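In: no sequence for this one, just the structure:
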DNA sequence: ACCGCGATGTATCGGACCGATACATCGCAC
DNA sequence: GTGCGATGTATCGGTCCGATACATCGCGGT
């Protein structure tokens, strides 16, 4: 998962670790907390060993002579390689079942702008199926095993069921939009500020601002 | 987390691993998938080493003579010890920041029936604070950094923001109920079947059916 | 002039948890 | 009689997290 996200982000620009974490947090803030350095740095090491990225110490040429004493451990900038881009594409293509769990789906969705429409559709439908299964499981528990569980546990299931139904509806909407070739965000009279435009529709060609 | 859940479940009845997993899945189905045996068995081993639980092979007395050849590896039944119950109470009491992340909160909530009201309130408020922070973070991104992100990422944030707002409202409701000493489930004209009662309100004494 | 303190920045270590895998028994349907 | 799904115990490699350590920079307070 982290591998995928890093590869995806580094395609936008080379970055050093700290920056990478910040961008990652901004992009994935909706689905998970902040990424830990205890995962980030080892993963970066791993990616480099595999040849997907290269790391370069940031030293601006001049004054290479006296690096001893207070060596000013410079920032390490990571850049994706051609093989790395290939790897990313490959990871997108083979969207298996692990792509449909909460984190996996979220991360893949965050990089939908780099995913072709067919794969997007496949992932959205896989996710929907998975959530529908979870929903059925919760309904079962709430229906059949309700008397075995205490009121708090039941309330938790109810809340979870609600979230499932909501997400299914959300996914339906996205799938419908996807099929009709539109950008994901239909202009809803929504929660936040009034501006309703979205820049750079991922599939150019059929992008019309929905206005009858 | 797993330690907490196991200790909580085993207080209801002794169980063997497979059963434990099933109960765990039923109880926590709303917040996480199924628990893995790769976590379950090592954790059980750890709990036993610490003395919180005891394991006993299931062999019904008679025919102890010929266990060799097709030894019929019996089920191993785990029972919580007095120290285990103490440990569970201690884990409830020290509800730290890790209690407020998604999984941690969910697991603790699932065992609210074994938690005193003051702690319940503390956990609910801690969780609310945490979700409010996440919500503010998402609003920031959607407000300030919107033009830096593609339409899909924005849609993801929007969905996450929605979930946050919804959860905060849910928590508010629970907190209000908790403060007034009621059971968690107010009789809502809800989704599933019509029965609106809940058995065994966790704090007896002030339990009144809400009817002005 | 000095100090603290928060942001920036890189890094490791132990531990929790997962997914895949292996192996064995039981009951039932075909 | 045989395959097959549910029941049941268990390990292994690997991913990721939380705590911790350490170092620099700039800014505001005193």
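Out: The structure has been received and is ready for your questions. Bear in mind the structure is a predicted one, so any value in this text is a computation, not a measurement.
In: low-scoring pLDDT stretches of chain A, where are they?
Out: Along chain A, the parts satisfying pLDDT under 70 run over A:59-73, A:185-212.
In: which residue ranges form the helices in chain A?
Out: Applying DSSP state H to chain A gives helices spanning A:2-10, A:17-28, A:37-50, A:82-93, A:102-110, A:117-144, A:151-179.
In: domain assignment for chain A?
Out: A:2-59+A:75-100, A:116-179 (automatic domain parsing).
In: right, is the last one up against DNA strand C?
Out: No - Domain A:116-179 does not reach DNA strand C (CB under 7 Å from any atom of the strand); its nearest approach is 11.6 Å. Every C-beta, even on glycine, is put in place using the N, C-alpha and C of the backbone.
In: tell me how far that domain is from the chain's mean position?
Out: The chain centre lies 19 Å from the centre of domain A:116-179; the measure is CA atoms, centre = their mean, to the nearest Å.
In: measure that domain end to end?
Out: 12 Å (CA to CA, to the nearest Å).
In: is chain B contacted by it?
Out: Yes - under the criterion of CB under 8 Å from any CB of the partner chain, domain A:116-179 makes contact with chain B via A:134, A:137-139, A:141-143, A:145, A:147, A:149-163, A:166-167, A:170, A:174.
In: tell me which residues in stretch A:7-18 are buried?
Out: Neighbour-count burial for stretch A:7-18, with 16 or more other CB atoms under 10 Å in any protein chain shown as criterion, is recorded at A:7-10, A:14-17.
In: Nearest to residue B:37 among those?
Out: Closest approach between these and residue B:37, by CB to CB: residue A:7, at 31.2 Å.
In: Contact partners for the closest one?
Out: Residue A:7 is in contact with A:47, A:52-53, A:80, A:84-85, A:87-88, A:91, counting by CB atoms under 8 Å, 6 or more residues apart in numbering or on different chains.
In: Now do it against residue B:114, distance only.
Out: Distance of residue A:7 to residue B:114, given as CB to CB, to the nearest Å: 45 Å.
In: Report the central residue of chain A.
Out: residue A:107 (2.0 Å; CA atoms, centre = their mean).
In: hang on, that residue packs against residue A:6?
Out: No - using CB atoms under 8 Å, residue A:107 makes no contact with residue A:6, being 10.5 Å away.
In: Now for these two: what residues contact both?
Out: By CB under 8 Å, 6+ apart, no residue touches both residue A:107 and residue A:6.
In: Turn the buried residues of stretch A:7-18 into a markdown table, including distance to residue B:100.
Out: Below are the buried residues of stretch A:7-18 laid out as a markdown table (distance: CB to CB, whole Å):
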| residue | distance to residue B:100 |
| --- | --- |
| A:7 | 31 |
| A:8 | 29 |
| A:9 | 27 |
| A:10 | 32 |
| A:14 | 35 |
| A:15 | 30 |
| A:16 | 30 |
| A:17 | 27 |
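In: tell me the contacts of the residue in chain A that DNA strand D sits nearest to?
Out: For chain A and DNA strand D, the shortest gap (CB to the nearest atom of the strand) falls at residue A:38, measuring 1.6 Å. By CB under 8 Å, 6+ apart, no residues touch residue A:38.
In: separation between it and chain B?
Out: Distance of residue A:38 to chain B, given as CB to the nearest CB, to the nearest Å: 15 Å.
In: correct me, but residue A:132 touches residue A:168?
Out: Yes - counting by CB under 8 Å, residue A:132 touches residue A:168, with 6.2 Å between them.
In: so how many other residues sit close to the residue nearest to residue A:126 when sequence neighbours are not counted?
Out: Spatial nearest neighbour of residue A:126, chain neighbours left out: residue A:100 (4.6 Å); criterion: CB to CB, 6 or more residues apart in numbering or on different chains. Residue A:100 has 20 neighbouring residues, counting by other CB atoms under 10 Å in any protein chain shown.
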